[in-house]
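S.K.: pasted the sequence and its predicted model underneath.
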Amino acid sequence: MTAYPGALLAQTLTSTGQLIDPLWHRALLSVNRAEFIPDTVWVTARDHPGYFRPVTREDPDHARWAHQDYALAVQVDDGTPVGGPNGEPGWGRLRTSSISQPSLVVDMLQALDAQEGHRVLEIGTGTGYNAALLCQVLGEGSVVSVEVDEALAETAVKNLAQAGYHPTVVTADATGATEGVGEGLFDRVLSTVAARGEVPLPWVEQTHQYGIIVTPFEVGNTPGVLLKLRVHGDGTASGHFIGDAPFMTLRSQRPDTRRVRELVDEDAPGVTDGLIGLNPRVVAHRHQGWQLVLGHLVPDLRYAVYEASEHHPEWTGEATVYVATPDGSWALGEYTPADGMYETRQVGPRALWAEITAAWDEWVTHGSPGRDLLGVTVDEEGTHLWAGNPVAELGSVRRGRRRRRLFGSS
Ligand SMILES: C[S@@+](CC[C@H](N)C(=O)[O-])C[C@H]1O[C@@H](n2cnc3c(N)ncnc32)[C@H](O)[C@@H]1O
């Protein structure tokens, strides 16, 4: 190894064109990622999808991965692994902490645009590796990191101290107003855990005017996207999606994991038949902009498409499309290639096909925007999605919200 423990990682990320800022380049060179990786990490069990198997230090891969562009789970099932499909001890179902993928770490740090003198709040200390990079560039007195899991926070503090850094690490749920982060506002907030549907308002309230918040964000069935918000003088924040950022979800915003087949009861009383003009297959349309709009306007929706015949390629033959939400609402739509109208059945408190149709109309009315044209405003009423600029809020008319003009008329 050279005098620089992060040389291999820095070289990899420079060659892919991701590491461009000299400040973060020097930080990556200086911090030894291997020192932040615990004796056991968890990786996908290839033969058992949905399970993660432990890999210990005895495995030569363990040491190798530390210097490669991989995320590694460092905790599963909130610290109590539930076991494998055949009772294998130590196996887990849900990754609940990880040392993030270095290329993503670098993307996010560069997007944060943090300068010397800035005070930075990190959400999700995890192993402490990212906090160490922040300390290396900004100085340990400028870095506060919040971790919800006490055991992880303790280990992170030890890891950081061994590497020579002593930032403030607070054990708390960062979605609330956080005690212990010290006096004064932050210039930058960097979340290393995904906000689901709602960006917590305290992150905006704890940030200076013109300050920047960078966070992974997810809704519906989309893998996370990276959101960069600028904080305004009126106590709101707004900004665009700037990339992809698949991350684990904030502990307090974790979604209900039940699948469609666990939520549909075909014999439920009160099922009504109907017809819709919207092709029910649109719920599975993979356009990222559409999936963001659908996830935002029809929260908690999940779907499953059952093809009538395996001989037709996807999208061409008859299919039954099921949609459901955890509150007991579900619906199905029968797709047939010939029809202009599609038969439906639905039950429950939410009229799901009406919600999905309204979301589709909104998306089309706004010009079918992709991810890069979509953005978010966070204010005391919640998290709002817009297309192009904040004036063009999606769903505001239907939900009876007044449209807000943050930057004057467009
Ligand atoms: C992807 S890991 C963070 C990686 C970390 N920055 C590193 O360098 O190792 C996400 C972390 O967020 C933490 N977390 C989840 N929900 C949280 C919450 N509500 N408040 C604070 N931390 C949270 C998890 O326990 C987990 O350790």
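M.R.: Arrived safely, thanks for sending.
S.K.: which helices and strands sit right next to the top strand by length along the chain?
M.R.: With secondary structure taken from DSSP state E, the chain has its longest strand at strand 207-218. The contact analysis (3 or more CB pairs under 8 Å, 6 or more residues apart in numbering; DSSP states H and E) places strand 207-218 against helix 102-112, strand 186-191, strand 195-196, helix 201-205, strand 225-231, strand 237-244. Where you see a C-beta, it was placed from the backbone N, CA and C, and this is true even at glycine.
S.K.: need the residues that contact the third one.
M.R.: Residues lying outside strand 195-196 but in contact with it, judged by CB atoms under 8 Å, 6 or more residues apart in numbering, are 215-219, 227, 249-250, 253-255, 383.
S.K.: residues near Ala63, how many?
M.R.: 11 (other CB atoms under 10 Å).
S.K.: now the longest strand of the chain: how far from the chain's centre is it?
M.R.: Strand 207-218 sits 14 Å away from the centroid of its parent chain (CA atoms, centre = their mean, to the nearest Å).
S.K.: so what strands line up beside that strand?
M.R.: Applying DSSP bridges, strand 207-218 is found paired with strand 186-191 (parallel), strand 195-196 (parallel), strand 225-231 (antiparallel).
S.K.: of all those strands, which one is nearest the ligand?
M.R.: Of all those, it is strand 186-191 that lies closest to the ligand, at 8.2 Å by CB to the nearest ligand atom.
S.K.: ok, Pro85 touching His48?
M.R.: Yes: counting by CB atoms under 8 Å, Pro85 touches His48, with 5.1 Å between them.
S.K.: could you dump the strands paired with strand 207-218 into TSV with distance to His366, mean neighbour count and mean pLDDT added?
M.R.: As requested, these are exported to TSV (distance: least, CB to CB, whole Å; neighbours: other CB atoms under 10 Å; pLDDT from 0 to 100):
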stretch	distance to His366	mean neighbour count	mean pLDDT
strand 186-191	27	24	98
strand 195-196	22	24	98
strand 225-231	17	23	98
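S.K.: how about JSON lines for these, with distance to the ligand added?
M.R.: Converted to JSON lines, these look like this (distance: least, CB to the nearest ligand atom, whole Å):
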{"stretch": "strand 186-191", "distance to the ligand": "8"}
{"stretch": "strand 195-196", "distance to the ligand": "9"}
{"stretch": "strand 225-231", "distance to the ligand": "13"}
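S.K.: out of those strands, which is closest to Ala111?
M.R.: Nearest to Ala111 among the strands paired with strand 207-218 is strand 225-231; the distance by CB to CB comes to 5.5 Å.
S.K.: state the distance from the nearest residue to Tyr335 once chain neighbours are set aside to the ligand.
M.R.: Leaving aside its sequence neighbours, Tyr335 sits nearest to Ala319 (CB to CB, 6 or more residues apart in numbering; 4.6 Å). Per CB to the nearest ligand atom, to the nearest Å, Ala319 is found 36 Å from the ligand.
S.K.: contacting residues for Val199?
M.R.: 213, 215, 217, 227, 229, 237, 376, 378, 383.
S.K.: need the residues of the stretch 201-350 of the chain near the ligand, please.
M.R.: Within the stretch 201-350 of the chain, the positions adjacent to the ligand are 247-248, 250-252 by CB under 6 Å from any ligand atom.
S.K.: ok, of the residues you listed, which one's closest to Gly79?
M.R.: Out of these, the member with the shortest distance to Gly79 (by CB to CB) is Arg251, at 11.7 Å.
S.K.: for the ligand, what is the nearest residue in the stretch 251-400 of the chain?
M.R.: Proximity of the stretch 251-400 of the chain to the ligand (CB to the nearest ligand atom) peaks at Arg251, 3.6 Å away.
S.K.: ramachandran angles for that residue?
M.R.: The phi/psi pair for Arg251 (degrees, to the nearest 10) reads phi -50, psi -40.
S.K.: secondary structure class for Asp372?
M.R.: Judged by DSSP: H, G, I helix; E, B strand; the rest coil, the three-state class of Asp372 is helix.
S.K.: need the pLDDT of it.
M.R.: Note on Asp372: pLDDT of 95.
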